[in-house]
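Participant: For reference, the sequence and a predicted model appear below.
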Amino acid sequence: MNDFALIKNVFSDLVSSRRVPHAVLVEGATAEKRQIAAKYLSMYAVCSSNNCPCGECKNCIKAKGMGHSDIYTPKLSGKTNIISVEAVRELIKDASIIPNEADTKVFILYDVDRCMPEISQNAFLKILEEPPQSTLFILTAESSKKLLSTILSRVQIFTLKNEKADDEQTDALALEIVEGILSSSEKKLLLATAKLNNRVVFKDTINAVNEYLRQGLSYSVGNKTDNETAKSIAKKLTKSRIIGLIELSSKAAIRADRNVNMALLTTWLCGEYRRISWQR
Ligand SMILES: [Zn+2]
């Protein structure tokens with residue numbers, strides 16, 4: 001289960017709720033990680049133990065070896081290896097048949113942003129709108145951006161973190177945002193927040209912004225720091241404004257998890273940062 005240890009916490013809410021959703025989308029990280037995540041979720045869906053996925057029951061072992069009769073992956077076809085409309089139709093037909101050995105039937109569709117043309121996505125939509133009981137559709141994608149919004153609104157999205165999510169890059173952008181918040185010109189903040197163009201970057205960066213703000217707050221209540229950014233935060237903003245900004249960032253990170261339009265979210269965030277830091 002070592003491979004799974006890394007991605008386990010991504011699904012902890014799902015697992016602790018003991019719920020099997022109808023459709024999930026795993027995005028981010030690498031194709032390999034997404035594959036591991038899909039396998040983990042398929043085990044979760046078919047596992048026959050109370051502590052699922054146990055990794056040890058007959059269902060889990062078969063799922064791990066990709067040899068479970070209730071776990072199905074559509075065939076790719078054509079020169080470009082796509083999931084054709086025909087393959088989707090076959091899948092829909094298959095989904096109406098009850099599972100063999102497990103309680104749930106699982107369909108894994110890998111890298112749908114690459115493999116699933118719009119026409120196939122539209123055909124697939126039909127079954128997402130009225131999913132048969134006891135089925136789980138697991139979709140993976142490098143980014144959910146290329147998928148139809150009608151698909152996105154019907155799947156639960158999980159974003160895998162890129163481990164080397166370029167911590168340095170995240171930190172640099174967070175710093176740019178903090179400087180934008182502190183700057184008297186709105187342009188700096190607008191330019192910086194415009195770079196928050198995907199969910200993973202957004203969340204990582206906003207968390208890093210909050211880290212700076214917390215250090216600033218800590219400094220302003222008398223704790224020592226060597227961090228110059230924390231010092232300028234404390235110098236330019238009152239405690240209540242810093243607290244307001246921290247609360248706002250947390251709220252924004254939660255919103256990013258829902259299927260909101262990222263451009264609208266960053267515009268809103270930029271406006272709110274300005275309002276809280278500059279309002280008289
Ligand atoms: Zn099991």
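Facilitator: Structure's in. What do you need?
Participant: Could you look up the SS state of the most centrally placed residue in the chain?
Facilitator: For the chain, the residue sitting closest to the mean C-alpha position, by C-alpha atoms, centre = their mean, is T159 at 2.2 Å. Secondary structure, DSSP: H, G, I helix; E, B strand; the rest coil: T159 is strand.
Participant: My read is that it contacts F202, right?
Facilitator: No: counting by C-beta atoms under 8 Å, F202 is not a contact partner of T159; they are 9.8 Å apart. Using the backbone N, CA and C atoms, a C-beta is placed for each residue, glycine as well.
Participant: partners of the residue nearest to the centre of the chain in the sheet?
Facilitator: E27 (DSSP bridges).
Participant: ok, now which ones touch it?
Facilitator: V10, E27, G28, R199, V200, K203 (C-beta atoms under 8 Å, 6 or more residues apart in numbering).
Participant: Next up, the contacts around K236.
Facilitator: Counting by C-beta under 8 Å, 6+ apart, K236 makes contact with L182.
Participant: I242 versus that one, what's the distance?
Facilitator: K236 is 10 Å from I242, where distance means C-beta to C-beta, to the nearest Å.
Participant: Below-threshold pLDDT in the stretch 51-200 of the chain: ranges please.
Facilitator: Scanning the stretch 51-200 of the chain with the threshold set as pLDDT under 70 gives 162-166.
Participant: got the residues of it near the ion?
Facilitator: C54, C57, C60 (C-beta under 5 Å from the ion).
Participant: again, only this time at 6 Å
Facilitator: For the stretch 51-200 of the chain, the residues in contact with the ion (C-beta under 6 Å from the ion) are C52, P53, C54, E56, C57, N59, C60.
Participant: Mind checking which of those are in helices?
Facilitator: Per DSSP state H, helices hold the following members of these: N59, C60.
Participant: follow-up on the earlier one: overlap of the contact sets of K236 and I242?
Facilitator: By the contact definition C-beta under 8 Å, 6+ apart, K236 and I242 are jointly contacted by no residue.
Participant: Which residue is the nearest non-sequential neighbour of I246?
Facilitator: Sequence neighbours aside, L213 is the residue nearest to I246 in space, at 4.9 Å (criterion: C-beta to C-beta, 6 or more residues apart in numbering).
Participant: Perfect, that will be all.
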